[in-house]
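Need coordinates for the below:
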Amino acid sequence: MATLTAWKFDRPDGASLAMRTLRELDDEGLIRVQEAAIVEWPVGQRRPKTRQIGDLTGEYALGGMFWGFLFGILFFMPVIGAGVGAAAGVIKGKLEDVGVDDDFIDNVKEQVTEGTSALFLLTSGAVADRIRQRFVGTHLELIESNLSAEDEAALRERLGLD
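Below you'll find the model as predicted:
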């Protein structure tokens, strides 16, 4: 089973710094990072910058289409307008059906703002206590949404990733 998480940092480069630590943890076998994407929102910018970490591949990998839909709903759809908003509602509904629920989406929208960053991860095999130790003193908030194997398969199917 894979876990989708969003980690919010109180500075624009926090997610990039955390990704370095997570790569080390992956190398040590304390977590398997299947996919990762970063949102950085520098002060003074109207919108955040998003990027997928491209050198990760794993058995649970979802791909760029997943991140594009998720980030579109989270950060860009409200800017586009009401006509596209209806389509976003349909996409959002499909994500909810497979484990990415309203609470996850609303919490991320509310917490990831100008001057912050976020790291979105699809992981498996995490040794939570050991991972937490590496992030002591880091100002971060963790929002978590677990995806069951069935939810992940449904998500892959709905996004055309099979």
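
Could you use CA atoms for every contact and neighbour count after this?
Noted.

Can you show me the helices along this protein?
Secondary structure of the chain (DSSP state H): helices at 14-27, 64-71, 77-80, 82-97, 102-111, 128-134, 149-158.

contact partners of stretch 110-117?
The contact list for stretch 110-117, computed with CA atoms under 8 Å, 6 or more residues apart in numbering, reads 8-15, 38-48, 118.

Give me the subset of the residues you listed lying in strands.
8-9, 38-40, 118 (DSSP state E).

For E24, state which of the residues you listed is nearest.
I38 (17.1 Å; CA to CA).

OK, contacts around that closest one?
Applying CA under 8 Å, 6+ apart to I38 gives the contacts 15-16, 50-53, 117-120.

Now render those as a markdown table, adding neighbour count.
Conversion of the contacts of I38 to a markdown table gives the following (neighbours: other CA atoms under 10 Å):
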| residue | neighbour count |
| --- | --- |
| A15 | 24 |
| S16 | 18 |
| T50 | 18 |
| R51 | 15 |
| Q52 | 17 |
| I53 | 15 |
| S117 | 27 |
| A118 | 31 |
| L119 | 24 |
| F120 | 23 |
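
will you turn these into a markdown table that also has pLDDT and distance to L25?
Below are these laid out as a markdown table (pLDDT from 0 to 100; distance: CA to CA, whole Å):
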| residue | pLDDT | distance to L25 |
| --- | --- | --- |
| A15 | 95 | 15 |
| S16 | 95 | 15 |
| T50 | 87 | 23 |
| R51 | 87 | 21 |
| Q52 | 85 | 19 |
| I53 | 84 | 16 |
| S117 | 96 | 20 |
| A118 | 93 | 18 |
| L119 | 93 | 15 |
| F120 | 88 | 16 |
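
Would you mind giving those as JSON lines with distance to R132 added?
Formatted as JSON lines, the contacts of I38 follow (distance: CA to CA, whole Å):
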{"residue": "A15", "distance to R132": "15"}
{"residue": "S16", "distance to R132": "17"}
{"residue": "T50", "distance to R132": "25"}
{"residue": "R51", "distance to R132": "24"}
{"residue": "Q52", "distance to R132": "23"}
{"residue": "I53", "distance to R132": "22"}
{"residue": "S117", "distance to R132": "19"}
{"residue": "A118", "distance to R132": "17"}
{"residue": "L119", "distance to R132": "15"}
{"residue": "F120", "distance to R132": "16"}
